[in-house]
Structures are given as structure tokens and as C-alpha cells.
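Novice: A predicted structure for the sequence below; I have some questions about it.
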Amino acid sequence: MNHTAPLIPVRIVNEYVYCPRLAYMMWVQGEFAHSADTVEGKIRHKRVDKPGGRHPETAGEDTGEIHARSVALSSEHLGITAKIDLVEGQGRKVQPVDYKKGKRPHVAAGAYAPERVQVCAQGLLLREHGFEAGSGILYFAGSRERVRVEFDEALVAETTRAIEGLRTDSAKDKPPPPLMDSPKCARCSLIGICLPDEIGFLAQQREDIRPIYVRTENAFPLYVQSPASYVRKDGGQLVIEEKREKIAEVRLKDTSQVVLFGYCGMSTPALHECFRRQLPVTYMSYGGWFIGHGMGTGHHNVQTRTAQYRASFNEQTCLNLAAGLIQAKIQNCRTLLRRNWKASDDAGDKAPPQLLGALKSDMQQAGRAVSVQTLLGVEGSAARRYFEHFVFMISPQKNEETQGFDFSGRNRRPPRDPVNALLSFAYAMLVREWTVALSAVGLDPYRGFYHQMRFGRPALSLDMMEPFRPLVADSTVITAINNGEVSKKDFITTAFGCNLSPRGRKAFIAAFERRLSQEVTHPVFGYRLSYRRLFEVQARLLIRYLTGEVKEYPTFVTR
Ligand code: SF4
């Protein structure tokens with residue numbers, strides 16, 4: 001074998017036999033996601049992973065009993081490495097014992113192929129180290145049963161083939177295609193990353209889509225906005241203090257990210273713990289400007305970023321992606337106006353057909369744009385049209401409390417009126433959400449296809465959020481105003497602009513989070529999922545497009 005190639009862990013050989021794509025994503029792309037199965041397996045292994053017993057590093061003349069736990073062995077010749085749960089035997093005659101969670105399957109071979117191959121690979125490693133290993137044991141903790149696996153010629157050949165197959169696949173720059181209609185996918189911890197049915201559908205290999213595996217959203221962002229606040233770690237909790245008094249605490253396992261506004265502080269142990277858990281920590285200015293974020297060592301998948309950078313130098317790819325995103329944005333703006341148009345003295349109770357028609361024609365023009373420059377022009381005039389009519393989505397004010405939300409057009413840096421202050425804040429929140437989502441899947445949020453590269457500008461986040469500006473940000477602004485969640489008392493207006501007060505910001509963040517948790521139907525795949533989860537799915541679909549697995553990036557539009 002090639003001596004510079006990294007040794008393959010035998011647990012990945014097991015995954016390869018289960019599904020070659022799964023092994024590729026785990027081994028080459030460094031993807032991992034916990035499922036109930038993997039969590040339980042990890043806990044069980046923790047118990048047997050403590051080294052101990054009489055160690056069988058090399059086989060000698062010794063005829064004593066061997067019973068050694070957590071034995072690490074490697075072989076350059078075989079190209080594999082393993083930590084064997086238990087090696088037991090006498091002198092040179094030993095057998096590997098591999099612990100499995102769950103019950104013994106009632107199949108003719110005693111166990112499924114991936115597990116049999118894995119224990120056989122461990123046996124081959126022991127043989128390489130001078131032992132005689134003719135069989136191995138799979139111990140099923142769920143039913144407390146031992147299943148003997150004979151290392152016969154057929155199994156050794158299957159194991160060798162799997163190692164070679166994985167070695168060959170891992171040298172390629174694209175993962176093997178997903179399994180089609182396989183029952184294995186339902187139990188696969190990476191189904192939300194792999195998206196087998198979605199890719200099959202987009203490649204027109206299947207007509208129906210099974211409902212996507214949607215992770216339970218039981219962790220949420222922690223927002224800390226008081227400037228006197230300090231976040232520290234206490235065991236498995238994050239404690240928020242003000243003037244050394246505890247004002248709140250949250251469990252780290254219930255936290256999906258930490259968002260710090262202004263100059264509130266965070267202890268180094270708390271930062272370390274967040275980074276260890278790959279929890280993003282985001283810094284926003286007190287006025288709500290997205291300053292930056294940190295996230296442990298980040299995603300290790302270099303292939304994804306390589307594909308992104310390569311595509312970003314291709315003008316046609318940039319234009320195709322940008323046109324799709326801008327068309328989707330205009331369509332979603334049009335839908336928002338159509339759905340939320342309010343009756344007023346100045347207009348009827350339905351969005352004027354001329355306006356809807358003009359936006360439709362903007363959409364078509366965006367689709368025909370021959371350059372990113374042309375597209376910028378089309379986007380600009382559609383945005384002007386949209387914002388000229390934005391005020392018609394705000395309810396005619398009923399009382400003094402809800403008055404003060406007049407809007408005559410977009411202004412920013414700084415915003416000069418409450419509606420613009422809300423819009424700017426909502427867009428900053430959306431950029432942050434997309435930056436976190438893109439970083440989490442391994443994309444570089446700073447290299448975009450439509451927005452120009454500029455130091456510190458998350459260009460890809462700005463690209464990807466385009467279709468979601470109306471659906472998430474503008475929609476939250478309209479809802480928060482129309483429901484009276486923010487009133488004019490929630491703004492501080494000075495000669496330097498208009499900004500949300502702490503109470504107003506708190507109320508708006510709650511409305512924004514509610515919107516992210518709201519479920520929508522995916523227009524292409526037809527299943528329902530929250531906006532928060534949708535961002536991740538769209539980001540992963542972008543990767544599949546950039547790596548050439550699907551021909552088009554499906555943008556998100558609502559009807
Ligand atoms: S979801 Fe299915 S195709 Fe994708 S990695 Fe898992 S088993 Fe393989």
C-alpha cells in the first residue's frame with residue numbers, strides 16, 4: 001500500500017460495508033452527527049475503552065492467559081488501524097471481542113456483514129502482529145449474547161475488498177452516490193447531511209420523497225444583551241451574571257449558540273467549553289451590527305471549501321447561482337405583498353395587479369440577466385418597487401401606541417426611523433443565522449457568488465439570505481408591528497439615527513426566533529420543516545451543487 005496514505009480505522013470499514021457514501025462522508029469529509037444509536041454506542045464504548053488487563057502487543061512463546069481491554073493495533077501493510085475492545089486467549093491463540101449495543105440479530109450468519117467484517121479486520125490486525133486469530137466474538141450488550149464469527153476465506157476476502165474499495169473511493173473528490181430507496185437510510189445518523197432522497201429527486205432518479213429526518217430542535221440560541229452581563233461556566237451550565245449576581249442559567253446541552261451584544265463578557269472556560277462543543281459564539285454590536293463569530297476548530301471538510309472557491313472563479317456558475325437567488329427573492333417579496341396587503345385609504349384591499357405584474361417581469365428579467373452587473377440593476381429596481389409599497393403591509397394604526405411606523409423607503413447606516421431600525425436589525429440577525437449555518441456545514445461564509453468580496457463581509461451569507469429577506473426578516477418586522485409586540489416607545493431616536501431600546505430588542509428577538517421555528521413546506525420536496533432547519537438543508541444542497549452531485553441549486557420560494 002501507499003505508505004503516505006493515512007491508516008483507515010476499522011470502524012470506518014464497517015461503515016463502508018453498510019454504505020460506501022456514509023464511510024466517505026465520515027472518513028474523507030469529517031462529517032458526524034449523533035443519533036440515538038450513536039449516543040448509546042458511545043456510552044457503552046466508554047465503559048470498555050479503559051485500557052487494562054494483560055497486553056498482547058506481540059506474540060511470543062508465553063503461554064499465559066491473555067485478557068486485555070482497549071488494545072490499539074495498526075498495520076501499514078493492511079492500511080488499517082483499530083482499538084480492539086477486548087483481546088482474549090492463551091499464548092499466541094487469541095480472538096478479538098467487539099462490543100455492540102443492541103440485541104443479537106436473528107440472521108443466518110449470526111450478525112450483519114458490517115460487524116462481521118469489522119471484527120475480521122481486527123483479526124487480520126492480530127495476525128499481522130504474529131497471533132493466531134481464526135475467529136472473533138461479537139458481544140451484543142442488549143441481549144448479553146456472544147456470537148462467534150469464523151474468519152473463513154470468504155470473510156477475509158470480503159474484508160480485504162472493503163478495505164481496498166474504501167481506499168479507492170477516498171482518493172476521489174466526490175462521494176459515492178446515495179443508496180436508492182434503502183431501508184438503511186432511515187437508521188443512518190448522516191441522513192440529514194447526505195439527503196439521499198433529495199439528491200435522487202434532483203437527479204430525477206426518484207419521483208417521491210420520504211419525509212426528511214428532522215432533528216429535534218431541543219437546543220436554542222442564548223442571547224445576552226445587557227452590557228453589564230458576564231457569562232461563565234459552572235459544570236454543565238452557562239451562568240449569566242450582572243454585577244456578580246446570577247440572573248439566569250442555561251444548560252449547555254440546551255444551547256445551540258451564544259449571541260453576545262455590546263461589551264458583555266464571557267469567561268475563558270465558558271468559551272473553551274463552547275468551542276469544544278462546536279457551539280458558535282457570536283458578537284453583535286450594541287446597536288445590533290454583526291461583528292463576528294467563533295466556532296472551535298470549525299468544520300474540517302476541505303473538499304467543500306475547495307469546490308466553493310473553484311466555483312466562485314467561474315463567471316457562469318456565479319451568474320446562474322446569483323440569478324436563481326435574486327429571482328427567488330423577488331418572487332418571495334411579491335408573495336409577501338400579495339399575502340399581507342392591508343386595506344387603507346390610499347389603496348384597495350388587494351395588492352395592485354400592476355405592481356404584482358411589474359415584480360413578475362423583474363423576476364423574468366433576473367432570469368435572463370447576462371451578467372452580475374445587469375442582475376444588480378434588476379434587483380435594485382425590484383427592491384425600490386417593493387419598498388415603495390412596504391408600508392401597505394403595516395396595519396393602519398389603531399391607537400397612539402402603535403402609531404409612528406410610517407415608512408417611505410429604505411434608509412440605513414444608521415437607520416433613521418423605527419421601521420428601518422427594525423429592518424436593519426432583522427437583516428443583521430439573518431446574516432448571523434446564515435453565517436453560523438454555512439460555517440457549520442463547512443462552507444466559507446466570506447466567499448460568495450453574487451456579493452462582492454470585501455474584507456470582513458460574509459458574502460456567501462448575504463447571497464444565501466436573499467430569498468429569506470422577505471420571508472424571515474421583513475415578515476418578522478411586519479408581524480411584530482402589526483401584533484403590537486413593538487411600539488414606538490421601544491425606539492430611541494437621536495440626531496445620529498434610530499435604534500431599538502433593550503425592551504424593544506428583546507421583544508423583537510423573541511418574534512424573530514418564533515419565525516425561525518415556524519414550519520414551512522419545502523416547494524421542491526414537499527415536506528415540512530422549520531426555517532432554522534431549512535437553512536441547513538439549503539446550505540447542504542448548495543454543497544451538493546458545488547461538488548457536482550446535482551445539476552441545479554434549488555432555491556426556496558413560497559406560493
Ligand atoms: S443516508 Fe443512506 S445513502 Fe446516505 S449515507 Fe446514510 S445510508 Fe448512505
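Specialist: Received the coordinates, thanks.
Novice: can you pull out the strands in the stretch 351-500 of the chain?
Specialist: 491-494, 497-500 (DSSP state E, counting those that start in this stretch).
Novice: now the stretch 1-150 of the chain
Specialist: Going by DSSP E, counting those that start in this stretch, the stretch 1-150 of the chain shows strands at 8-9, 52-53, 65-75, 80-90, 93-100, 135-140, 145-150.
Novice: closest one to N499 among those strands?
Specialist: The closest of these to N499 is strand 8-9. By CB to CB, the value is 52.8 Å. Using the backbone N, CA and C atoms, a C-beta is placed for each residue, glycine as well.
Novice: for the closest residue to the ligand within the stretch 301-450 of the chain, give me its contacts.
Specialist: Per CB to the nearest ligand atom, N301 is where the stretch 301-450 of the chain lies closest to the ligand, at 14.7 Å. Contact analysis of N301 by CB atoms under 8 Å, 6 or more residues apart in numbering lists 29-31, 442.
Novice: hmm, try it at 6 Å
Specialist: N301 makes contact with 29-30, 442 under the criterion CB atoms under 6 Å, 6 or more residues apart in numbering.
Novice: and these, which are buried?
Specialist: Buried by 16 or more other CB atoms under 10 Å: 29, 442, out of the contacts of N301.
Novice: could I get the contacts of N301 as JSON lines with distance to L500?
Specialist: Conversion of the contacts of N301 to JSON lines gives the following (distance: CB to CB, whole Å):
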{"residue": "Q29", "distance to L500": "41"}
{"residue": "G30", "distance to L500": "40"}
{"residue": "G442", "distance to L500": "34"}
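Novice: out of the contacts of N301, which is nearest to T494?
Specialist: T494 has its nearest neighbour among these in G442, at 42.3 Å by CB to CB.
Novice: so what pLDDT did that closest one get?
Specialist: Looking at G442, its pLDDT stands at 86.
Novice: ok, it touching V302?
Specialist: No. In this structure G442 lies outside contact range of V302 using CB atoms under 6 Å: 8.4 Å.
Novice: which stretch among the strands of the stretch 351-500 of the chain comes nearest V378?
Specialist: Counting by CB to CB, V378 lies closest to strand 497-500 out of the strands of the stretch 351-500 of the chain; the figure is 29.6 Å.
Novice: what pairs with the closest one, parallel or antiparallel?
Specialist: Looking at strand 497-500 with DSSP bridges, its partner strands are strand 491-494 (antiparallel).
Novice: now do the buried residues in the partner strand.
Specialist: Neighbour counts over strand 491-494 (16+ other CB under 10 Å) mark F491 as buried.
Novice: chain center to it, what's the gap?
Specialist: Computed by CA atoms, centre = their mean, to the nearest Å, the chain-centroid distance of strand 491-494 equals 37 Å.
Novice: ok, back up a step: of the strands of the stretch 351-500 of the chain, which approaches the ligand most closely?
Specialist: Between the ligand and the strands of the stretch 351-500 of the chain, the tightest spacing by CB to the nearest ligand atom is seen for strand 497-500, at 43.0 Å.
Novice: buried residues in the closest one, which are they?
Specialist: Using 16+ other CB under 10 Å as the test for burial, strand 497-500 gives 497-500.
Novice: quick check: mean pLDDT of it?
Specialist: Averaging pLDDT along strand 497-500 yields 84.
Novice: export it as PDB, just CAs?
Specialist: Taking Å, rounded to 0.1, in the frame of the first residue of the first chain, the C-alpha atoms of strand 497-500 are listed here in PDB:
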ATOM      1  CA  GLY A 497     -30.300  57.700  13.900                       C
ATOM      2  CA  CYS A 498     -33.000  55.500  15.400                       C
ATOM      3  CA  ASN A 499     -32.400  52.300  17.400                       C
ATOM      4  CA  LEU A 500     -34.300  49.700  19.400                       C
END
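Novice: quick one: the closest residue to N483 other than its chain neighbours from the ligand, how far?
Specialist: Nearest residue to N483 in three dimensions, chain neighbours excluded: A511, at 7.9 Å (CB to CB, 6 or more residues apart in numbering). A511 is 35 Å from the ligand, where distance means CB to the nearest ligand atom, to the nearest Å.
Novice: what residues does the stretch 1-150 of the chain put near the ligand?
Specialist: Listed as neighbours of the ligand in the stretch 1-150 of the chain under the rule CB under 6 Å from any ligand atom: 19, 21-22.
Novice: now for the helix or strand hosting the residue nearest to N483, which elements pack on it?
Specialist: Element membership of A511 [criterion: DSSP states H and E] is helix 502-517. If you count contacts as 3 or more CB pairs under 6 Å, 6 or more residues apart in numbering; DSSP states H and E, helix 502-517 packs onto helix 475-482.
Novice: ok, residues contacting the helix it packs on?
Specialist: Contacts with helix 475-482, where a contact means CB under 6 Å, 6+ apart, come from 340, 393-395, 405, 422-423, 426, 486, 508, 511-512, 515.
Novice: CSV for those residues, including neighbour count and pLDDT?
Specialist: Putting the contacts of helix 475-482 into CSV (neighbours: other CB atoms under 10 Å; pLDDT from 0 to 100) gives the following:
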residue, neighbour count, pLDDT
N340, 19, 88
M393, 21, 88
I394, 19, 84
S395, 16, 78
F405, 21, 72
L422, 30, 93
L423, 23, 94
A426, 23, 94
V486, 25, 88
F508, 24, 92
A511, 19, 93
F512, 24, 93
R515, 20, 93
